[in-house]
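1. Generate a structure from the sequence data that follows.
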Amino acid sequence: MEVLKGIMGKIRVAIAGVGNCASSLIQGIEYYKSLGDRHPDRSLGLMHYNLGGYRPADIEIVAAFDIDKRKVGRPLEKAVFAKPNCTKIFNKNLPDYPVIVKMGEALDSVSRHMKDYSEDRRFVVADKKPCDVSKVLRQSGAELLLNYLPVGSEKATAFYAEACLKAGVGLINCVPVFIASDKLWARRFEERNIPIIGDDIKSQIGATIIHRTLTKLLVDRGVKIDSTYQLNVGGNTDFLNMLNHTRLKSKKVSKTEAVQSQLKNPLDAENIHIGPSDYIPWLNDNKVCFLRMEGRGFGNIPVNFELRLSVEDSPNSAGVVIDAVRCCRIARDRKVGGALISPSAYFMKHPMKQFSDEEARNMLEEFVRGKRER
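-> Numbers count the residues shown, from 1 in each chain. Purely as a prediction, here's the structure:
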């Protein structure tokens with residue numbers, strides 16, 4: 001059996017938002033590290049085990065930021081399991097990281113309606129002075145920052161993007177705030193020769209990727225799609241946060257455009273509805289999607305179907321993030337800055353430019369092999 005070795009060294013990563021997604025990612029990094037290169041299940045659940053010379057085990061968390069009093073000031077290996085996190089614990093055996101969670105900037109990261117819910121379910125802002133994020137990034141030696149802030153954190157996401165520019169750190173924007181897909185932001189990262197991947201991470205097998213795939217399947221098979229909806233419910237803090245519909249504008253745009261991009265003629269707004277629907281506390285980190293598509297096939301005969309998808313929300317995106325991290329490092333190795341078109345198109349719901357998932361995957365593989373982005 002061939003032993004694939006990480007040949008390029010460690011990838012030093014900082015995290016903004018030590019929530020469920022960060023917990024799943026960190027558990028997963030240590031899980032695959034414990035399996036080792038020779039284990040038959042080393043690639044289980046991953047799109048790539050070795051990507052450009054980097055393995056999951058080569059990812060090293062060197063800094064973390066949060067605002068919750070149960071996480072700020074605590075060791076990272078403790079903070080990832082603190083409330084209100086509720087994702088499944090599949091790897092309790094985390095090492096003692098030399099990382100203490102720093103107090104970040106709250107700004108618009110917490111919706112006011114959360115105060116009406118129990119502390120076990122919502123953010124509780126720590127009474128601490130925010131740290132100098134760009135200074136911490138530089139001192140930690142971080143090469144890139146993962147943005148895991150709550151949906152609707154427009155000001156906070158912009159703040160961390162600025163900190164990355166100031167510190168010379170790459171950015172992977174996992175949330176639906178338009179940074180990598182915004183020409184002005186993308187130009188600023190390009191001018192500093194800093195890579196950025198975004199915006200809004202796709203899940204491995206999630207509602208958006210399935211909706212996109214089915215949309216293209218119907219189009220390719222000659223079906224005229226007349227209307228569709230995608231309704232999502234869940235019980236984690238993200239769904240609680242999204243009960244405030246004023247925070248959903250970018251999220252709905254991101255998810256809707258991801259599906260519309262697979263159609264030659266986009267549906268009228270009244271015939272497509274995609275977005276979070278409700279918060280059901282006992283679901284915890286389980287996300288349930290209800291999807292319906294209505295169309296017409298041969299002879300103008302109706303074709304309708306419905307699908308129900310149930311997934312653990314946070315682990316479902318962690319494997320995608322692991323690949324995004326490695327692609328960002330590859331770009332840094334090649335001294336490539338700005339919005340990374342191919343990784344963003346494959347990993348994100350709202351990239352600078354949309355492609356079909358098959359085309360985006362082929363572009364990604366060419367990028368990894370060394371093809372220039374521009």
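2. burial of residue 192, as a residue count?
-> Residues within reach of residue 192, counting by other CB atoms under 10 Å, total 15. The C-beta positions use only the backbone N, C-alpha and C, and glycine is treated the same way.
3. Next, it: phi, psi?
-> Here is the backbone geometry of residue 192 (degrees, to the nearest 10): phi -90, psi 0.
4. which intervals of the stretch 201-350 of the chain have sub-threshold pLDDT?
-> Of all residues in the stretch 201-350 of the chain, none has pLDDT under 70.
5. At which residues are the helices of it located?
-> Here the stretch 201-350 of the chain has its helices, by DSSP state H, counting those that start in this stretch, at 207-220, 237-241, 249-260, 315-333, 341-347.
6. and what of the stretch 51-200 of the chain?
-> Under the criterion DSSP H, counting those that start in this stretch, the stretch 51-200 of the chain contains helices at 76-79, 133-140, 154-167, 183-191.
7. got a markdown table for the ones you listed, with distance to residue 118 and mean pLDDT too?
-> As requested, the helices of the stretch 51-200 of the chain are exported to a markdown table (distance: least, CB to CB, whole Å; pLDDT from 0 to 100):
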| stretch | distance to residue 118 | mean pLDDT |
| --- | --- | --- |
| helix 76-79 | 20 | 98 |
| helix 133-140 | 30 | 98 |
| helix 154-167 | 24 | 98 |
| helix 183-191 | 37 | 98 |
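8. Next, format those helices as CSV and append distance to residue 117 and mean neighbour count.
-> Below are the helices of the stretch 51-200 of the chain laid out as CSV (distance: least, CB to CB, whole Å; neighbours: other CB atoms under 10 Å):
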stretch, distance to residue 117, mean neighbour count
helix 76-79, 21, 20
helix 133-140, 28, 18
helix 154-167, 20, 21
helix 183-191, 33, 16
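9. Let me know which of those is the nearest to residue 110.
-> Nearest of those to residue 110, taken as CB to CB: helix 154-167 at 9.4 Å.
10. Give me the distance from the closest one to the chain's centre.
-> 17 Å (CA atoms, centre = their mean, to the nearest Å).
11. For that helix, which outside residues touch it?
-> Helix 154-167 has contacts (CB atoms under 8 Å, 6 or more residues apart in numbering) with 16, 65, 104-109, 133-135, 137-138, 142, 145, 147, 149, 169-171, 173, 175, 177, 179, 185, 188-189, 192, 194, 196, 250.
12. how about stretch 351-367: buried residues?
-> Buried residues in stretch 351-367, counted by 16 or more other CB atoms under 10 Å: 351, 352, 354, 355, 356, 357, 360, 363, 364, 367.
13. State whether the third one is indeed within a strand.
-> No. Looking at residue 354 with DSSP: H, G, I helix; E, B strand; the rest coil, it is coil, so not inside a strand.
14. All the strands of this protein, in order from the start?
-> Applying DSSP state E to the chain gives strands spanning 11-16, 59-66, 102-103, 144-147, 170-173, 195-197, 224-234, 272-279, 286-296, 302-312, 338-339.
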